[in-house]
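> sequence first, predicted coordinates after that:
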Amino acid sequence: MSLKHGKLLFCIVAVIAFAVPSASVVVPETAEAQTTDDGKEWTLLMYWDADNNLEFCTEFAVETWVNALTSDAEVNLVAYVDILSEDGTWIYDIHDGVCETVQTWDELNSSDPATLERFLTYGLENYPAKKTMLVIQDHGYSWRGVCLDETDGGGIMLIDGMAQAIRDARAANDGIGVDLLALDACSVATMEIAYELRETVPWFAASQLVVPYDGLPYEMIVGALVAEPWTSPGDLAYDMVDMYMVYYSSTTLYEHIYPYDQDFVALSAFDMSLADELGTAFIKMTELLEPLVADNADVIKAAWDYSLVGKWANIGGWEYLPDAYSLFGGMMGIDKDLDDAILAFQAAFDAALVNEGNSWRFEDVPHGLNINFPPSLATYNSESWKWAKQFVYHDIGLDLVDQSRWYQCLMEYYFSAPGTQNCPNQIGALVTG
């Protein structure tokens, strides 16, 4: 398929015929939604930021949604779409084999949390359901954020802003909000993000690694909800992980944009009611670890070497994201009190983890969440990547970084050893806080 005059292609009735931003119905720019649903079992809200080089994925996704939603008796599927080649943003209601334009908005900054909140508020009000899943799709930048909008300056949405937008939309809807948040973006299953989302959503799913261009297994997710709309958000979160692994396990069972991408995938889901306990255990563990780092840098380095799944999740050759569970498990034996704290952290992690899957190549290393751990001060304060300098780990507003001693543990590690750990050309630029 191709883009025609910068317009996406969408499905009309049973024949695949595309032309976006228009769809099966001509709607004036000021039009309101034509109907308000009385309340179904599920509403799927797709926040689709393709105002960048991922625009080409949109046709594949929309065609998948239309084909998979064989009955909308109990499932709403509503998408906010922003593309690079055309000014404007659109709200589409997928139903009855068509993709109907129900709102046409001006060009908006999809990296602005206010835009996310506007779409969420609209979707929750006009498509009420017993259960709501929000999917946020775009590039992911680990702890930094998601949703690159190239039309509006190339910024991204920071995680604390994203979380606040979801909470504000819930408050505006009489306390009824998103039940399951799925981030269809690379490298965003992290300790920092999971903790930031506490008290924001009950269930959370994301990947520790690069997400292939197909994204989440929408064909399987939508089809499963059509077949069993009474599925609970927790059960869907669990099932999505298994679906993801099946979908990317074969190049022939399902249609893929690029079928070779299935070799390195992972997805995990979490019960966010237990995120506070997980964060508390992490905070206590880092408090005990900090004074032990300098004398045990070799043990920590060995743990880092073993746990680094992030080498398959980097966004520019400088991203380092070891698996948190494996990383701290590799530090067992340094100190008895620390051992107890690591075991408590792992127990809290196991309690919060709903399901986790990853490709066989990773063996037992991934457990569901990464943690930011650049190998040196040079990569922490990346001078070679000017874009990265816009985001300072210890000053970006992440609660886990602010409340724990993890940043201080990193600094102890960097200054504890000669060579690659201690980089004099970077020390002068360090803001120690």
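Arrived safely, thanks for sending.
> continuing past the longest strand seen in the chain, what's the next helix or strand?
In the chain, assigned by DSSP state E, the strand with the most residues is strand 40-50. Sequence-wise, the next helix or strand downstream of strand 40-50 (DSSP states H and E) is helix 57-68.
> for that next one, packing partners?
strand 40-50, strand 75-83, strand 89-95, strand 98-105, helix 218-227 (3 or more CB pairs under 8 Å, 6 or more residues apart in numbering; DSSP states H and E). All C-beta spots, glycine's among them, are computed from the backbone N, C-alpha and C.
> quick one: strands adjacent to the first one?
In the sheet containing strand 40-50, its partner strands are strand 75-83 (parallel), strand 129-137 (parallel), by DSSP bridges.
> so the last one versus helix 57-68, what angle?
So the one you mean is strand 129-137. 150 degrees (axes from the mean of the first three to the mean of the last three CA atoms, to 10 degrees).
> ok so, going back, for the longest strand of the chain, what does the pLDDT average out to?
Strand 40-50 carries an average pLDDT of 98.
> next: stretch 340-352.
98.
> can you show me the CA trace of that stretch as PDB?
What follows is stretch 340-352, C-alpha atoms only, in PDB (Å, rounded to 0.1, in the frame of the first residue of the first chain):
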ATOM      1  CA  ASP A 340      17.900  -9.300  52.700                       C
ATOM      2  CA  ALA A 341      16.900  -6.100  50.900                       C
ATOM      3  CA  ILE A 342      17.500  -7.600  47.500                       C
ATOM      4  CA  LEU A 343      15.300 -10.600  48.400                       C
ATOM      5  CA  ALA A 344      12.600  -8.200  49.600                       C
ATOM      6  CA  PHE A 345      12.900  -6.300  46.300                       C
ATOM      7  CA  GLN A 346      12.600  -9.500  44.300                       C
ATOM      8  CA  ALA A 347       9.600 -10.600  46.300                       C
ATOM      9  CA  ALA A 348       7.900  -7.300  45.700                       C
ATOM     10  CA  PHE A 349       8.700  -7.500  42.100                       C
ATOM     11  CA  ASP A 350       7.400 -11.100  41.800                       C
ATOM     12  CA  ALA A 351       4.100 -10.000  43.500                       C
ATOM     13  CA  ALA A 352       3.600  -7.100  41.100                       C
END
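> show me what counts as buried in it.
Neighbour counts over stretch 340-352 (16 or more other CB atoms under 10 Å) mark 341, 342, 344, 345, 346, 348, 349, 352 as buried.
> count of neighbours near residue 126?
Per other CB atoms under 10 Å, the neighbour tally for residue 126 reads 20.
> phi, psi for residue 244 please.
Note on residue 244: backbone dihedrals following degrees, to the nearest 10 are phi -60, psi -40.
> okay, now it: neighbour count?
27.
> and the pLDDT at it?
97.
> how close does it get to residue 294?
Distance, residue 244 to residue 294, using CB to CB, to the nearest Å: 41 Å.
> same question, residue 219
52 Å.
> which of those two has more residues huddled nearby?
Using other CB under 10 Å as the criterion, residue 219 and residue 294 rank with residue 219 on top: 18 against 13.
> chain neighbours aside, what residue packs nearest to the residue most central in space within the chain?
The residue lying closest to the centre of the chain (CA atoms, centre = their mean) is residue 183, at 2.9 Å. In this structure, residue 183 finds its nearest non-sequential neighbour in residue 206, 4.2 Å apart by CB to CB, 6 or more residues apart in numbering.
> in this structure the one you found contacts residue 267, no?
Yes: between residue 206 and residue 267 a contact is recorded at 7.3 Å, counting by CB atoms under 8 Å.
> shared neighbours, those two?
Taking CB atoms under 8 Å, 6 or more residues apart in numbering as the contact rule, residue 206 and residue 267 both touch residue 189.
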